[in-house]
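Enquirer: How does the following fold in three dimensions:
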Amino acid sequence: MILVDTNIIIDFWKQPSEKYKKVFMNEDIAICGIVIAELIHGAKTEKEIKKIIEALDCFTFLNISEKDWFEIGKLLNKLKNKGLNFPFQDGVLSYLAIKNNFAIWTNDKHFDLIQKNIQKLKIYKID
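Expert: A predicted model of the protein is given here:
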């Protein structure tokens, strides 16, 4: 299973490529509430929101429990104490990927930085 980051979906919607399409068609893809919220946040119309919701319906949804939020906080604190600065949502996605033993599919360089400090984080790369 692969946890997909918002930037991958946006890149694919803006400029569909065969490489991305192949991954979306052949791999099990998961998303979480942060990805959904970020995509809907970027919509310009109600029609776009409906299209986004429909497009995401085929993916596995990862819930975040109350216990997870405590663990997310601990992970963020650990990385902050190492002097790392990155967006909050990247920390949440990293936690979910690690917890579920999924690779994260992203183009965001913050995840490379996180991975250098948390080796359990796997990043999915396309050749």
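
Enquirer: average pLDDT for the top helix by length along the chain?
Expert: For the chain, the helix with the greatest residue count under DSSP state H is helix 66-81. For helix 66-81, the mean pLDDT works out to 96.

Enquirer: Tell me which other helices or strands that helix touches.
Expert: helix 88-100 (3 or more Cβ pairs under 8 Å, 6 or more residues apart in numbering; DSSP states H and E). (C-beta placed from N, C-alpha, C; glycine too.)

Enquirer: count of neighbours near the closest residue to Leu75 other than its chain neighbours?
Expert: Nearest residue to Leu75, sequence neighbours excluded (Cβ to Cβ, 6 or more residues apart in numbering): Tyr95, at 5.1 Å. Residues within reach of Tyr95, counting by other Cβ atoms under 10 Å, total 23.

Enquirer: now do the one 5 residues further on
Expert: Neighbour count of Asn100, defined by other Cβ under 10 Å: 13.

Enquirer: Same check on Gly91?
Expert: 21.

Enquirer: again with Asn7
Expert: 14.

Enquirer: these two touch, right, it and Asn107?
Expert: Yes. At 5.1 Å, Asn7 counts as touching Asn107 under the criterion of Cβ atoms under 8 Å.

Enquirer: how about the helices in the protein?
Expert: So, for the chain - with DSSP H - the helices run 6-14, 18-26, 33-41, 46-56, 66-81, 88-100, 110-117.

Enquirer: Reformat those as CSV; add distance to Asp127.
Expert: Formatted as CSV, the entries for the helices of the chain read as follows, by distance: least, Cβ to Cβ, whole Å:
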stretch, distance to Asp127
helix 6-14, 15
helix 18-26, 8
helix 33-41, 24
helix 46-56, 25
helix 66-81, 29
helix 88-100, 20
helix 110-117, 17
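
Enquirer: Most tightly packed of the ones you listed?
Expert: The highest mean neighbour count among the helices of the chain, using mean count of other Cβ atoms under 10 Å, belongs to helix 88-100: a mean of 21.

Enquirer: helices and strands around it, which ones?
Expert: By 3+ Cβ pairs under 8 Å, 6+ apart, helix 88-100 packs against strand 2-4, strand 29-32, helix 33-41, helix 66-81, strand 103-105, helix 110-117.
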